[in-house]
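# coords please:
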Amino acid sequence: MATTSEPYEPGRLLYDPVTDKVGEYRDRAGPYVLLRPVGGGVEWQADPGAVRPATDRERIGATVRAVNHRARTLPSLPAPLDDASRPPRPVPGCASCLELAERREAAREAHDRSAESDANVLLRQHQRKEHLA
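Predicted structure coming up:
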């Protein structure tokens, strides 16, 4: 068992036998040490006389649990864009398509998402009117 005089550096992983958890040492709070779950979460107070440095197996297990938890709780990736969601491609040889595509690219480079969207709408309208009729 660790003694209360043993200093721990913030970030050191310690095993708390009372909670049967591995936590990241944060600081002292009165007679207790503050531990935070690996991967984040609510800190808890532990008896500094009971905690000890986590073994390799305990550290790996706590890290794997944290990574698995994060993978389950993160939002999933957005669905792939379908053809209607993709920016329209200019029709080769059409000056109007090329001009609207250049306008879209200039807006994209200026980080003007509104103008980029407007250019896409105009390009789709032009293509429906001129190239699908």
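# Which segments of the protein make up each domain?
Domain assignment for the chain by automatic domain parsing gives 13-73, 78-133.
# so where do the strands sit in the protein?
Counting by DSSP state E, one finds strands in the chain at the ranges 13-16, 21-29, 32-37, 44-46, 52-53.
# contacting residues for the spatially most central residue of the chain?
Note on the chain: the residue nearest the mean C-alpha position is residue 74, at 7.3 Å, using CA atoms, centre = their mean. Residue 74 is in contact with no residue at all, counting by CB atoms under 8 Å, 6 or more residues apart in numbering. Glycine gets a C-beta too; all of them are placed from N, C-alpha and C.
# Distance-wise, check it relative to residue 106.
35 Å (CB to CB, to the nearest Å).
# do residue 117 as well
Counting by CB to CB, the gap from residue 117 to residue 106 is 13 Å.
# so what's the residue nearest to the centre of the chain scoring on pLDDT?
pLDDT for residue 74: 77.
# Equivalent analysis for residue 40, please.
88.
# residue contacts, it?
residue 66.
# Can you report phi and psi for it?
Dihedral angles of residue 40 (phi, psi; degrees, to the nearest 10) stand at phi 110, psi 160.
# what does residue 17 give?
phi -70, psi -20.
# For it, give me its contacts.
So residue 17 contacts 50, 51, 52 (CB under 8 Å, 6+ apart).
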